[in-house]
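Trainee: please find the sequence and the predicted model below.
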Protein chains: 2
Amino acid sequence: MPRRPTITDVAAAAGVSVATVSKAVNGRYGVARETVDKVLAVVAELGYESSLIASSMRSRKTGVIGVLVADFEPFSAEILKGVGEALRDSRYDLLAYSGSHGAAEGWERRSLSRLSGTLIDGAIMVTPTVVNVGAEVPVVAIDPHTGPADLPTVECDSFGGAVQATRYLIELGHSRIGFIAGRPDLRSSIARDAGYRRALADAGIPLDPALVGSGSYQQDAVRVAALEMLRRPDRPTAVFAANDISGLEIVRVASELGIDVPRDLSVIGFDDVPEASQATPALSTVRQPMQVLGAEAVGMLLGLMEGKTPAVTHVKLPTRLVPRDTTAPPP
Amino acid sequence: MPRRPTITDVAAAAGVSVATVSKAVNGRYGVARETVDKVLAVVAELGYESSLIASSMRSRKTGVIGVLVADFEPFSAEILKGVGEALRDSRYDLLAYSGSHGAAEGWERRSLSRLSGTLIDGAIMVTPTVVNVGAEVPVVAIDPHTGPADLPTVECDSFGGAVQATRYLIELGHSRIGFIAGRPDLRSSIARDAGYRRALADAGIPLDPALVGSGSYQQDAVRVAALEMLRRPDRPTAVFAANDISGLEIVRVASELGIDVPRDLSVIGFDDVPEASQATPALSTVRQPMQVLGAEAVGMLLGLMEGKTPAVTHVKLPTRLVPRDTTAPPP
DNA sequence: AAATATCTGTCAAACGTTTTCAATAACGGT
DNA sequence: ACCGTTATTGAAAACGTTTGACAGATATTT
């Protein structure tokens, strides 16, 4: 059990004081060139690395950024990827913390308070319900579905994306366009609904309430809504789904009903989850640049951590239309 | 900026010494019942939480377990989920660290050495190439593709799973069964190959080298191999792919060649990635219980951390056959 | 009533750093 | 030779906690 060498060991081996070692290692001013070299040589030889704990203790900085995710699902994973990437060449480490499942109400706040100021220098929350944080460290929220509006936030332009998707269907020639909504309590979901209505209104197409189903982002709810909508004699020729999971389910339902996609029915989703491109036929959708979301959040957080109040505290990233094989002109 | 209260604040407010507070908070023996109550009341009132950093400093324990993942992809995410779940009711926190991408060779070792003994009490490695760790903390590897054999390891029974899959095809009545291999340098890949051969041998079916293609787990390599195999006049009636990605690609190739799956060709994969069940037709496969992998690793690691040398250092989890829509009796 | 055991609580020393400040050495200018 | 700079180094304090040794006070035994 070779004990990890401490700064004292290095100091002894190099014949200098610990203070000098510390300065040399951290590149502080006031150490002779040759002393630095000598110390560094010993450091290399002994394989010394300063203890994150001990240095944090003194300097009140841990060099760790915490990401709170509700769960390790694909969406969070993509964001984590982006965050990790963005952090790669900063001097920060990434601590991903999942409080998911059985956890009692309010775990976000508790986790945050437990970690903040003691283990992390800043936090990014990727949790649907964002807490009104009383944290001692800067916090940025990614795509919060609900929560206080004063928290610095990075999200996608759900409204714009929905307009884009709907308009695309309109431009293909569709005029009977259905919509499967998401969970009515989520901000993004509401925005997508609004975008759909706006695009319709812009094109002068009246909204037919019979073509709006509620899916709640849940597979069976979507199935029910889709079945009902597609069985109508005046069924839509195209459907916009508030997310890809819903979109894929609609395609499945259509195929069960013998409706050919995209010949008889166009379907477009939202998110561009990995499954969307894997499916057959590949789902047309609106891409959320999730990795960019993460990166953006990092940029914002780093700014906050340096004490500067950033000009913008609410970033909205543009979405991109990704036409694939489930959309075509109406029959 | 309300400074977070320290143990000193609590001690002052409760009119006792810091030592007593520490003992009360940590439930140590030797402090009167009513004193504990008094202290705890103050703690609650002030919202005191001990500094992870400071306590780690003294007690040499951080209460954090690190998971090193190569990348935040679905596979890792599932494992993280399992690990997080298993850690939920232990007193440990989870630190996920990704060293992916551009990182230079050997990042695993460096990250581990940087974190170990200073920020984490134990580590789980979910990296293809596992380092010959000189870490100061216990380490468990999950499904290492390569690396030293003396490291405690948790993995799936690739061999058994491959036997299962192949035997299943045989039982359906197939006898010309192809195999698309994975990367020849990975342990799991080799085991799947061996399992395939074993099942064939057990059934007295001679191995036809023409029916074994090398896919390397890469989409285009799989495509080439599959094309070649399926264009043969004596093409197989079933194919076992070393992983789902390969399996899905084979289905795709088959459909391009006008070969109906599963009527004219059965395909079975390995892993049960989310896409497998989403695809149409849904891919038959062999499921790796990834969340269980994570949980198992946690159990092992916790044991190691308590100093006990566990009876088994190499756990092999059973896989489960998941028949879906790409397998059927031969024509 | 004395001796001893049991219980509580406090003191002070660690843990490995960083950082401030004073001490020393070296140097150039007069 | 002396003094004022400047460059380099080391001593010591601080960060917030845990913990072992110890002292005082009660309670128990003889």
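Mentor: Arrived safely, thanks for sending. Predicted model, so just to flag it, every value in this text is computed and none were measured.
Trainee: and A:Val315, how many residues sit next to it?
Mentor: Neighbourhood size, A:Val315 [other Cβ atoms under 10 Å in any protein chain shown]: 19. Bear in mind the C-beta positions are built from the backbone N, C-alpha and C, glycine included.
Trainee: which stretches of chain A aren't confidently modelled?
Mentor: Applying pLDDT under 70 to chain A flags residues A:1-2, A:99-105, A:130-134.
Trainee: quick one, what contacts A:Arg235?
Mentor: A:Arg176, A:Gly178, A:Met229, A:Leu265 (Cβ atoms under 8 Å, 6 or more residues apart in numbering or on different chains).
Trainee: closest one of the residues you listed to DNA strand D?
Mentor: A:Gly178 (57.3 Å; Cβ to the nearest atom of the strand).
Trainee: now that closest one: which helix or strand?
Mentor: In the assignment (DSSP states H and E), A:Gly178 maps to strand A:177-181.
Trainee: give me the sheet partners of that strand and which way each runs.
Mentor: Partners of strand A:177-181 in the sheet, by DSSP bridges, are strand A:212-214 (parallel), strand A:238-241 (parallel).
Trainee: what's the following helix or strand after that strand?
Mentor: That would be, after strand A:177-181 and using DSSP H and E, helix A:187-202.
Trainee: show me what that next one is packed up against.
Mentor: With contacts taken as 3 or more Cβ pairs under 8 Å, 6 or more residues apart in numbering or on different chains; DSSP states H and E, helix A:187-202 sits against helix A:158-172, strand A:177-181.
Trainee: what do you get if the cut-off is 6 Å, keeping everything else the same?
Mentor: helix A:158-172 (3 or more Cβ pairs under 6 Å, 6 or more residues apart in numbering or on different chains; DSSP states H and E).
Trainee: what sits closest to the residue most central in space within chain A if chain neighbours are left out?
Mentor: Of all residues in chain A, the one closest to the mean position by Cα atoms, centre = their mean is A:Ile79, 4.1 Å from it. Computed as Cβ to Cβ, 6 or more residues apart in numbering or on different chains, the closest residue to A:Ile79 that is not its neighbour in sequence is A:Gly294, at 4.3 Å.
Trainee: ok, so what distance separates that neighbour from B:Leu200?
Mentor: 47 Å (Cβ to Cβ, to the nearest Å).
Trainee: higher neighbour count, those two?
Mentor: Between A:Gly294 and B:Leu200, counted using other Cβ under 10 Å, A:Gly294 has the larger neighbour count: 27 against 23.
Trainee: contact partners for the more buried one?
Mentor: By Cβ atoms under 6 Å, 6 or more residues apart in numbering or on different chains, the contact set of A:Gly294 is A:Ile79, A:Gly82, A:Val83.
Trainee: ok so it is a helix residue?
Mentor: Yes - the assignment for A:Gly294 is a helix, going by DSSP: H, G, I helix; E, B strand; the rest coil.
Trainee: near chain B, which residues of chain A?
Mentor: A:4, A:51-53, A:56-57, A:72, A:77, A:80-81, A:84, A:95-96, A:98, A:114, A:117-119, A:136, A:275, A:278, A:280 (Cβ under 6 Å from any Cβ of the partner chain).
Trainee: out of those, who's near DNA strand C?
Mentor: The subset of these lying close to DNA strand C, counting by Cβ under 7 Å from any atom of the strand, consists of A:Ser51, A:Met57.
Trainee: restricted to strands, list the residues of chain A next to chain B.
Mentor: A:Leu95, A:Ala96, A:Ser98 (DSSP state E).
Trainee: are any of these buried, and which?
Mentor: A:Leu95, A:Ala96, A:Ser98 (16 or more other Cβ atoms under 10 Å in any protein chain shown).
Trainee: among the residues of chain A next to chain B, which are in helices?
Mentor: Counting by DSSP state H, these place A:Leu52, A:Ile53, A:Ser56, A:Met57, A:Ala77, A:Leu80, A:Lys81, A:Gly84, A:Arg114, A:Glu275, A:Gln278 in helices.
Trainee: greatest separation within these: which pair is it?
Mentor: A:Met57 and A:Gln278 (48.1 Å; Cβ to Cβ).
Trainee: out of those two, which sits in the more crowded spot?
Mentor: A:Gln278 (19 against 16).
Trainee: ok, that one - contacts?
Mentor: Applying Cβ under 6 Å, 6+ apart to A:Gln278 gives the contacts B:Glu275.
Trainee: sorry, back to before: quick check, nearest of the contacts of A:Gly294 to B:Arg320?
Mentor: A:Ile79 (30.8 Å).
Trainee: contact partners for that closest one?
Mentor: Contact analysis of A:Ile79 by Cβ under 6 Å, 6+ apart lists A:Val126, A:Met290, A:Leu293, A:Gly294.
Trainee: residues near the second one, how many?
Mentor: Right, A:Met290. Other residues near A:Met290 come to 25 when the count uses other Cβ under 10 Å.
Trainee: where does chain A come near DNA strand D, residue by residue?
Mentor: Counting by Cβ under 7 Å from any atom of the strand, chain A comes close to DNA strand D at A:15-20, A:23, A:30-33, A:35, A:57-58.
Trainee: which of those fall within strands?
Mentor: In strands, judged by DSSP E, none of the residues of chain A next to DNA strand D are found.
Trainee: quick check, nearest of the residues you listed to chain B?
Mentor: A:Met57 (5.4 Å; Cβ to the nearest Cβ).
Trainee: I'd assumed B:Leu52 was in contact with the closest one.
Mentor: No - the criterion here is Cβ atoms under 6 Å, and A:Met57 misses it with B:Leu52 at 10.6 Å.
Trainee: what touches both of the two?
Mentor: Residues touching both A:Met57 and B:Leu52 by Cβ under 6 Å, 6+ apart: none at all.
Trainee: list the contacts for the closest residue to A:Pro330 other than its chain neighbours?
Mentor: Leaving aside its chain neighbours, A:Pro330 sits nearest to A:Thr237 (4.2 Å; criterion: Cβ to Cβ, 6+ apart). Contacts for A:Thr237 (Cβ under 6 Å, 6+ apart) come out as A:His174, A:Arg176, A:Pro330.
Trainee: how about A:Phe72?
Mentor: Applying Cβ under 6 Å, 6+ apart, the residues contacting A:Phe72 are A:Ser98, B:Ala77, B:Leu80, B:Lys81.
Trainee: noted, bye for now.
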